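Chemist: got a sequence here, can you model it:
(one chain, ligands or ions: 1)
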Amino acid sequence: MQKLVEVLADKQALIAKSLALVLEKITTSLDQQDYFTIALSGGSTPKPLYEALSSQPLDWSKIQVFWGDERYVSPDHPDSNQRMARLAWLDRIPIPAANIHPMPTDEPDPHLAAQKYDDHLRQWFGVNSPDFPVFDLILLGMGDDGHTASLFPHTAALTVSDRCITVGEKDGNPRLTFTVPLINQARCVIFIAAGESKRPALHEIFSAYGDSFSYPSRLIHPPAGELYWLLDAAAGSSFV
Ligand SMILES: O=C1O[C@H](COP(=O)(O)O)[C@@H](O)[C@H](O)[C@H]1O
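Modeler: This next block holds a predicted model:
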């Protein structure tokens, strides 16, 4: 695994660096293959990145967009990760509808929805269990508590190793999330985190010894892939 930590002066520089890196990964991959698979993070941090991507002159027919986690709400709910990415980016570009792969949130039982998306991923990538699909790029955020995707501290989702998708839980509410082994299979994982409130969790995540059950982002280390941590100075100035 190649791990790179880069600290940018401020949030604007962080987004500019994230944009440049995502574009580099897309163009390099498309030189060698016909399509590029990306899994998106939600929350507030990546929104300006998605807005910036919306004005890039890419061949969107070659980009396949998935989500790494989703709140279990309808796609038009203000909390929906899909909604945020569509408003900021996907609704503004000429991307074929078939290239957008949102997590389903319409099953009465979220476990059924998790199984549906798991089946969809396996079918789309043509990968059967026990192997995992390999994403070209997975974008991740990190919450103040050290969670990533919807892998929250001290939850059962952290230990799921036989599926691509599982049900996470935040304050008693279900979410859908990529599992740790699926994320760790990726060719490239980019964490993007900003703000002073992330600093205590980052300290735990970057320390040589620590508790991954308390700080789930520690679990992400793709053995055959690249791992980037892009931070603004408020979050990361003491780590490089
Ligand atoms: O709930 C979530 O939070 C994390 C971090 O979000 P941020 O607002 O601190 O950027 C995000 O990565 C995840 O996708 C999302 O569902």
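
Chemist: for residue 230, list each beta-bridge partner.
Modeler: For residue 230, the beta-bridge partners are residue 6, residue 192 (DSSP bridges).

Chemist: since we're on it, how many residues are nearby?
Modeler: By the criterion of other CB atoms under 10 Å, residue 230 has 24 neighbours. Quick note: C-beta positions are derived from backbone N, CA and C, even for glycine.

Chemist: what do you get for the one 4 residues further on?
Modeler: Using other CB under 10 Å, the number of residues around residue 234 comes to 18.

Chemist: cool, residue 199 as well?
Modeler: 17.

Chemist: next SSE downstream of the helix or strand bottoming out on mean pLDDT in the chain?
Modeler: Every helix and strand of the chain was ranked by mean pLDDT, DSSP states H and E. The lowest is strand 2-8, at a mean of 94. Per DSSP states H and E, the first helix or strand lying C-terminal to strand 2-8 is helix 11-32.

Chemist: now for that following helix, which elements pack on it?
Modeler: In terms of contacts (3 or more CB pairs under 8 Å, 6 or more residues apart in numbering; DSSP states H and E), helix 11-32 is packed against strand 2-8, strand 36-40, helix 47-53, strand 137-140, strand 188-193, strand 226-232.

Chemist: hmm, it touching the ligand?
Modeler: No - Helix 11-32 lies out of reach of the ligand by CB under 6 Å from any ligand atom, never closer than 11.1 Å.

Chemist: identify each buried residue in the least confident helix or strand of the chain, please.
Modeler: Using 16 or more other CB atoms under 10 Å as the test for burial, strand 2-8 gives 7-8.

Chemist: before I go, just wanted to say thanks for your time.
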